[in-house]
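**Q** sharing a model prediction with you, sequence too.
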Amino acid sequence: MNRRLAQGIDGERATTDRPPVEAVVALGANLGDRAQTLADALTDLARLPLVDGVRASEPVESVAVTLEGPDAAAPAYLNAVAILTTRLAPSVLLGYLHAIEDRHGRVRRERWGDRTLDLDLIAYGDARSTDPLLALPHPRAAERDFVLAPWLTVDPDAVLPGAGRVDALLARLGERR
């Protein structure tokens, strides 16, 4: 493991002293064999050190979202949500998520561009952070039905810290359409 992963983005260390926390990870892919990539990424998540369990939604398809908004002409995304029970510090977990993306050919050319794999840390227990390297909860999670809907299938009582119950957030999104 490289030093950045061992210490985490902000110097936190991976530790067995940390109590287990549920971390919510959104998975998405719109290039290549999307279903296989998501399945492989879930296997990678389950193999991480200090991860004691992974529960995942079934994949759902969604329209690509670009900086200009939804783009039906772009390759569609396959999305899923995984809930990890982990003792990894959030910054260490994020470092592992980036390493998994890299192993699956993720190239960061443009913001919100097409990708082989996208892993977003949506929530880490009740943690809150405004650090630009690790914003928690994810700042746009409450606006993304392709995150909220699969999350509900894994945890019907899910709550996005600071925003409220996931079922209510999803209902509000539906009302706006």
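**A** On my side now, so go ahead.
**Q** what ranges does this structure have for its strands?
**A** 21-29, 51-56, 60-62, 64-66, 69-71, 77-86, 118-124, 129-131, 134-136, 159-160, 164-165 (DSSP state E).
**Q** so can I have CSV of the ones you listed showing mean pLDDT, distance to residue 175 and mean neighbour count?
**A** Using the backbone N, CA and C atoms, a C-beta is placed for each residue, glycine as well. Below are those laid out as CSV (pLDDT from 0 to 100; distance: least, Cβ to Cβ, whole Å; neighbours: other Cβ atoms under 10 Å):
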stretch, mean pLDDT, distance to residue 175, mean neighbour count
strand 21-29, 97, 22, 24
strand 51-56, 96, 28, 16
strand 60-62, 95, 19, 16
strand 64-66, 84, 19, 17
strand 69-71, 84, 18, 11
strand 77-86, 97, 21, 23
strand 118-124, 96, 22, 23
strand 129-131, 91, 28, 11
strand 134-136, 93, 26, 19
strand 159-160, 97, 17, 18
strand 164-165, 97, 14, 13
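**Q** in the chain, which ranges drop under the pLDDT threshold?
**A** In the predicted model of the chain, residues 1-16, 108-113, 177 satisfy pLDDT under 70.
**Q** rewinding a little: nearest to residue 35, of the strands of the chain?
**A** Between residue 35 and those, the shortest gap by Cβ to Cβ is with strand 77-86, which sits at 6.1 Å.
**Q** compute the inter-axis angle for that closest one and strand 21-29.
**A** 160 degrees (axes from the mean of the first three to the mean of the last three Cα atoms, to 10 degrees).
**Q** partner strands of strand 77-86 and their direction?
**A** strand 21-29 (antiparallel), strand 51-56 (antiparallel), strand 60-62 (antiparallel) (DSSP bridges).
**Q** am I right that residue 148 is in contact with residue 138?
**A** No - Residue 148 lies out of contact with residue 138 (Cβ atoms under 8 Å); the separation is 11.2 Å.
**Q** of the two, who's got more company?
**A** Ranked by neighbour count (other Cβ atoms under 10 Å), residue 148 and residue 138 place residue 148 first, with 25 against 20.
**Q** nearest residue to the more buried one other than its sequence neighbours?
**A** Excluding its sequence neighbours, the residue lying closest to residue 148 (Cβ to Cβ, 6 or more residues apart in numbering) is residue 170, at 4.3 Å.
**Q** pretty sure the one you found contacts residue 152?
**A** Yes - if you go by Cβ under 8 Å, residue 170 and residue 152 touch, sitting 6.6 Å apart.
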